[in-house]
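Colleague: Model the structure of this input:
(chains A and B, ligands or ions: 3)
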Number of protein chains: 2
Amino acid sequence: MEKYSVVFLPDDIKVEVDAGISLLEAARQAGIHVKSTCGGKGTCGKCTVKVTEGKISGGQGNIPKDLKEQGYILACNAMVESDLSVEIPMEFRLHEHQVFLDDQQEGIVSEGKLDILGDFPLNALAKKISLELPPPTLTENASDYARLITELKKHMATERLTVSNAVLKTLPDILRAGDWKITVTIADLEEGQEIVRVTSGQDDAPAYGVAIDVGTTTIAVTLIDLSSGAVVARQGTYNRQADFGDDVITRIVYADENNGTEKLQQVVMETINDLLNKIFEEQDISMEEIPVAVVAGNTTMSQLFLGISPKYIRLEPYIPAASQYPIVKAKDLGLSINPEGMVLSFPAVASYVGGDIVSGTLVAEVAKHEELTLFVDIGTNGEMVLGNQDWLMCCACSAGPAFEGGGIAYGMRAMAGAIERVAIDKETYHVAYKTIGDTPPVGICGSGLIDCLSKLREAGIIDRSGKMQDLDIPGIKRGDDGPEFILAFAAESGIDQDIVITESDIKNLIRAKGAIFAGVRIMLSMADMPIEAIDKILIAGGFGNYLNVPDSVRIGLLPDLPAEKYEFIGNSSLKGAQLALLSKEAFRYAEEIGRSMTYLELSIGNAFMDEYVSALFLPHTDFSLFPSVQI
Amino acid sequence: MEKYSVVFLPDDIKVEVDAGISLLEAARQAGIHVKSTCGGKGTCGKCTVKVTEGKISGGQGNIPKDLKEQGYILACNAMVESDLSVEIPMEFRLHEHQVFLDDQQEGIVSEGKLDILGDFPLNALAKKISLELPPPTLTENASDYARLITELKKHMATERLTVSNAVLKTLPDILRAGDWKITVTIADLEEGQEIVRVTSGQDDAPAYGVAIDVGTTTIAVTLIDLSSGAVVARQGTYNRQADFGDDVITRIVYADENNGTEKLQQVVMETINDLLNKIFEEQDISMEEIPVAVVAGNTTMSQLFLGISPKYIRLEPYIPAASQYPIVKAKDLGLSINPEGMVLSFPAVASYVGGDIVSGTLVAEVAKHEELTLFVDIGTNGEMVLGNQDWLMCCACSAGPAFEGGGIAYGMRAMAGAIERVAIDKETYHVAYKTIGDTPPVGICGSGLIDCLSKLREAGIIDRSGKMQDLDIPGIKRGDDGPEFILAFAAESGIDQDIVITESDIKNLIRAKGAIFAGVRIMLSMADMPIEAIDKILIAGGFGNYLNVPDSVRIGLLPDLPAEKYEFIGNSSLKGAQLALLSKEAFRYAEEIGRSMTYLELSIGNAFMDEYVSALFLPHTDFSLFPSVQI
Ligand code: FES
Ligand SMILES: [Mg+2]
Ligand SMILES: [Mg+2]
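Modeller: Ligands and ions are numbered 1, 2, ... in the order given. Predicted structure coming up:
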């Protein structure tokens, strides 16, 4: 196979690649992660790059006109035909290390008790016990393992205690090296205990556990001290699976068409392991010290994490492989904790309501109180749970990627340079905005888009259906596909282009908010309850922290209820995983939640479609549902 | 590294090897297994070969004088220095495919019931169940695994049912390929059930299990139909670990000094897998069809099978790593059954009374009756159990390899050409013998040696201490190290040499029989019982089938009790493994046996040594112990 060298600029990273591979694949091999929302099908137009030297073939497709004029091509279908120099503007790359980590989580221990535990007892999924064994003699000649068990039984209940062969192999030397003083680390699960590690001598470090939230977009990991419950360290980053498509459907297609399940599993494991290794380095501990991990993710993410093909998730009747997942040894997954460590996954309810939602429902205590609680996780899919201590129902509506910046001309994730707040003067139509990190704007993120939609409507720039009005103001220009409203002019933007919101962006946003509100309405109608019956609305997701409630209500995304009923609970999926690490009972309870939740399949019948169509207005076709909103 | 080619004759097998490796290693690489009783230390003189072309260095050591004169060298310390031709006479090789397989085992099903089960219920360690699942719909949208479980619960109790991630991965496609008709194979253990395999469609083949006896010398494997209990196929061969030494001690030393535990595990696994593959080919089944294996072996063999260093077994106070072994997945061992299949090992009592003895004690029903039973497994170690339904004790005495032909000038294992019966005319001293396979004699095996010792004594050729008498008969000649008695003259032998028994051979045999009888005496004295209290003597071991009771009594190997109290039970270790496969209760009972047996450590105090010294006579210094023997 002929080889060519490709230099990526501005980083000046050089790789040798096989002739004929795509530039997207070459970038991956160089360790540069380029946006590819459609998973390399040439349709999303996100993977634009510029070849400054050398010869490629292909590269054409859905490229924004202005970029095309500047000589940009699509990396996903451009093939390497010679040595190349390729420029990838920073704004077309997936940045690492910029993932929002929920600050409210600092120290879940407060006032001397573990707030997160609620009513659950502290009964962690792993413990460490130091033992001193009586040395064997010719007459007291029980085997090494029997000797260990005899002593261990004095310190804990050991029903169904096991040891793996791998750990047993290490035992004889370790016992003698430590002069019969040892420390035993035990995974203490509902299903039984297993000795995961034995070390010589007595060591005082706590038993640790790792909580992992595997989101479609971002992955967050925390290291938990299982004796105190403290969050010792946290790390987050983008899920590198995004190289293979932004949303779960694109990834399922990739997994299915390319025999890619294994590849996607490997990539998510690499992403997680990099975070873990950072934590281990920072904390100066070794992966062997981690006997247990709890993972929460949506059903597709959970199946890919375990290497189970997600194929049937997207085929009617949308059946997941399992609702409760097996406990898997870390070594069988390639997860960087103790190879014999136990990896538990939160159970799923259905193909589109997964372990992340069960985890969130657990930690949000939806099923613990009398009050009616609505729990909403807004992401590419809007997943929601409605219920109280007596009943629980859930559903998922495909909101599309708009709130994560997908399918939006200048949409981007919540990272530096993203417009997150917008104000529009109703007289002058002058736009004021705020960006994350207060740097020049390079795009607009979810919360900025909601703000924008609300303010455009308030200023009368768009009508109730989202159509842009024929106003003669400098902010409105005519783009390739219709009118566009300029949020930031090229001169002030960080990318030498106007940052605009198009009419088609607005339609996408209306569809997204309509889907979510329709889901809420369907659940309420199934429960035969009015909106006012909701006592509490919990908003989860990294996104949730930026969300402006009045604006969200004004566009008809969220129910028109007083602000005090709303609570942002941040990354509840991760918090639930932390809770499960600290309490066997909590994890068991999560399994109960998973089993007892009624899943509403919205694709049955016309009810959802009717609600959805009614919600494709600002705020809604039925104004009476939004009494507080000035029409 | 320089390479040389070595051709082995008479097979004419050529290998490329690194310069400087030993000829023994070169032979191994060629797949030729050369005897190496001492494990390649240059002391046993068994690995003799002849270099016919090329240059070696070294090769000197303990070589029998006549072989030395014929130009033989030691393969274990001769290093390859050029291209070579090397001749390995057949008699110095370990032959495969000649292992004695216990014929009495044919069809353990007889008269419509499973004789082997005794009082145990048929409740096998694995089962197959065919299911037809209702296909999912949008409203009946339980996950694939939940759907499977719902149906399975109608057919069996599923307390603590698990599935491995590997099997779960296969489930979605298999369910759909078989149009929701499937066959599930379940390992049904005391510890819980695990789904080991799911296949599309309904298949009528039985669930199979594999019983494995891992002996130091030989390995035997049977394939069991778990629904009928029938032995479907059997195979046996030499344990290829013998390349690294004949007895457990040599192997422990090899494992310890050469970091060789992994190597020895690999070699035993290869030996077993070759047998299994032969069976699978013969029966036209695949390894995936085997969900469970039960393994019995002595403690060293069990630890090496699991890859656990046996180092401390030979260091005082002789502590094994474990008495109950973990259940291990086949994939973690490299055993050729279903990778997710469960491998159970019989528990050990102590470092020198292992799972093979527990297995034998189980199947021999030693602990089930009122009668006092003595169970003896005669091999390199003599292991014995004494007891009844109320109590059990056991001990092990190092008999040395004499009864397996080790340490005996022309000793060999029970294979074609081995002298197995000897008669000596008391007048003429003429020797009549019978060989296995009725081929010209090439050596003498254990039963032949016992016969020989008894007949030499009867004819007055040796005295009570084993010393050869100064008789002027053609049968006695003077060898390198003293007088020798010729059993077969060169002219009639198959190796162009006289086959003799030396005075030193006789001493070795007396020491071996003395050790075993001393063990019996110690156990009886601990129980405060006379020899006559023994109601039943069970003799196990491949060797046991050739053993002549009157001769064994006459030399003082076995207690002087009427022949009708004796019973040969063949390879009881293998039979116990078969029983355990068929009955969970039997395996659990074996664990009880292991725990409840009192182990007598013979190295404590002088009692054993005193008994041993008294037993170094023919039959014994205390004639009253052998009233039936004509002195
Ligand atoms: S002398 Fe070579 S193996 Fe024993
Ligand atoms: Mg999430
Ligand atoms: Mg044996």
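
Colleague: Let me know the average pLDDT across the host helix or strand of residue A:422.
Modeller: Secondary structure from DSSP states H and E places residue A:422 in strand A:418-424. On average, the pLDDT along strand A:418-424 is 92.

Colleague: what does stretch A:251-270 give?
Modeller: pLDDT averaged over stretch A:251-270 gives 95.

Colleague: For burial, what's the neighbour tally of the residue of the stretch 101-250 of chain A found nearest chain B?
Modeller: Closest approach between the stretch 101-250 of chain A and chain B, counting by C-beta to the nearest C-beta: residue A:145, at 3.8 Å. (C-beta placed from N, C-alpha, C; glycine too.) As a burial measure, residue A:145 scores 24 neighbours (other C-beta atoms under 10 Å in any protein chain shown).

Colleague: need the contact list for residue A:594.
Modeller: By C-beta atoms under 8 Å, 6 or more residues apart in numbering or on different chains, the contact set of residue A:594 is A:323, A:324, A:346, A:347, A:348, A:349, A:355, A:358.

Colleague: and those residues as a markdown table, adding distance to ligand 3 and secondary structure?
Modeller: Formatted as a markdown table, the contacts of residue A:594 follow (distance: C-beta to the ion, whole Å; DSSP: H, G, I helix; E, B strand; the rest coil):
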| residue | distance to ligand 3 | secondary structure |
| --- | --- | --- |
| A:323 | 48 | coil |
| A:324 | 44 | coil |
| A:346 | 49 | coil |
| A:347 | 48 | coil |
| A:348 | 50 | coil |
| A:349 | 54 | coil |
| A:355 | 50 | helix |
| A:358 | 53 | helix |
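
Colleague: and which of the residues you listed is nearest to residue B:547?
Modeller: residue A:324 (56.6 Å; C-beta to C-beta).

Colleague: any chance you could read off phi and psi for that closest one?
Modeller: Main-chain torsions, residue A:324, degrees, to the nearest 10: phi -100, psi 130.

Colleague: Repeat that for residue A:448.
Modeller: According to degrees, to the nearest 10, residue A:448 has phi -60, psi -40.

Colleague: circling back: so the residue of the stretch 101-250 of chain A closest to chain B sits against residue B:308, correct?
Modeller: No - contact criterion C-beta atoms under 8 Å: residue A:145 and residue B:308 do not qualify, at 9.9 Å.

Colleague: Out of the contacts of residue A:594, the closest to ligand 2 would be?
Modeller: residue A:355 (10.1 Å; C-beta to the ion).

Colleague: Let me see the confidence value for residue A:106.
Modeller: Residue A:106 carries a pLDDT score of 34 in this model.

Colleague: so what secondary structure elements neighbour the strand holding residue A:422?
Modeller: strand A:431-435, strand A:443-444, helix A:446-458, strand A:482-488 (3 or more C-beta pairs under 8 Å, 6 or more residues apart in numbering or on different chains; DSSP states H and E).

Colleague: Nearest residue to the middle of chain A?
Modeller: Centroid-nearest residue in chain A, with C-alpha atoms, centre = their mean: residue A:215, separated by 1.9 Å.

Colleague: And that one, how far from residue A:296?
Modeller: Plainly put, residue A:215 is 9 Å away from residue A:296 if you go by C-beta to C-beta, to the nearest Å.

Colleague: that older thread, how far away from the center of its chain is the strand holding residue A:422?
Modeller: 24 Å (C-alpha atoms, centre = their mean, to the nearest Å).

Colleague: Listing partners with orientation, what would you give for that strand?
Modeller: Paired strands of strand A:418-424, with direction, are strand A:431-435 (antiparallel), strand A:443-444 (parallel) (DSSP bridges).

Colleague: Could you identify which of these is most buried?
Modeller: Between the strands paired with strand A:418-424, strand A:443-444 has the highest mean count of neighbours, a mean of 26, where neighbours are mean count of other C-beta atoms under 10 Å in any protein chain shown.

Colleague: contacting residues around that strand?
Modeller: Under C-beta under 8 Å, 6+ apart, the answer for strand A:443-444 is A:91, A:405, A:408, A:410-412, A:417-419, A:452, A:487, A:499, A:501.

Colleague: what sits against the residue of the stretch 101-250 of chain A closest to chain B?
Modeller: A:163, A:168, A:171, B:321, B:322, B:323, B:324.

Colleague: Which of the helices or strands spans it?
Modeller: Going by DSSP H and E, residue A:145 is part of helix A:144-152.

Colleague: Name the next helix or strand downstream of that helix, please.
Modeller: In N-to-C order, the element after helix A:144-152 by DSSP H and E is strand A:161-163.

Colleague: Buried ones in the helix or strand following that following strand, by neighbour count?
Modeller: The helix or strand immediately downstream of strand A:161-163 is helix A:165-177, counting by DSSP H and E. For helix A:165-177, burial by neighbour count (16 or more other C-beta atoms under 10 Å in any protein chain shown) applies to A:165, A:166, A:167, A:168, A:169, A:170, A:171, A:172, A:174, A:175, A:176.

Colleague: Could you point out which of the residues you listed is nearest to residue A:20?
Modeller: residue A:166 (43.4 Å).

Colleague: quick one: secondary structure of the nearest residue to that closest one once chain neighbours are set aside?
Modeller: The spatially closest residue to residue A:166, leaving aside those adjacent along the chain, is residue A:340, at 5.7 Å (C-beta to C-beta, 6 or more residues apart in numbering or on different chains). Of the three states, residue A:340 takes coil under DSSP: H, G, I helix; E, B strand; the rest coil.

Colleague: does residue A:340 really touch residue A:186, like I thought?
Modeller: No - judged on C-beta under 8 Å, residue A:340 makes no contact with residue A:186 at a distance of 11.1 Å.

Colleague: Which residues are in contact with residue A:37?
Modeller: A:44, A:46, A:245, A:246, A:247, A:250, A:401, A:406, A:407.

Colleague: and those residues as a markdown table, adding distance to ligand 2, secondary structure and neighbour count?
Modeller: Shown next, in a markdown table, are the contacts of residue A:37 (distance: C-beta to the ion, whole Å; DSSP: H, G, I helix; E, B strand; the rest coil; neighbours: other C-beta atoms under 10 Å in any protein chain shown):
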| residue | distance to ligand 2 | secondary structure | neighbour count |
| --- | --- | --- | --- |
| A:44 | 22 | coil | 22 |
| A:46 | 21 | coil | 20 |
| A:245 | 17 | coil | 23 |
| A:246 | 14 | coil | 27 |
| A:247 | 13 | coil | 24 |
| A:250 | 17 | helix | 23 |
| A:401 | 14 | helix | 24 |
| A:406 | 15 | coil | 23 |
| A:407 | 19 | coil | 20 |
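
Colleague: pLDDT weak spots in the stretch 401-550 of chain A?
Modeller: A:542-546 (pLDDT under 70).
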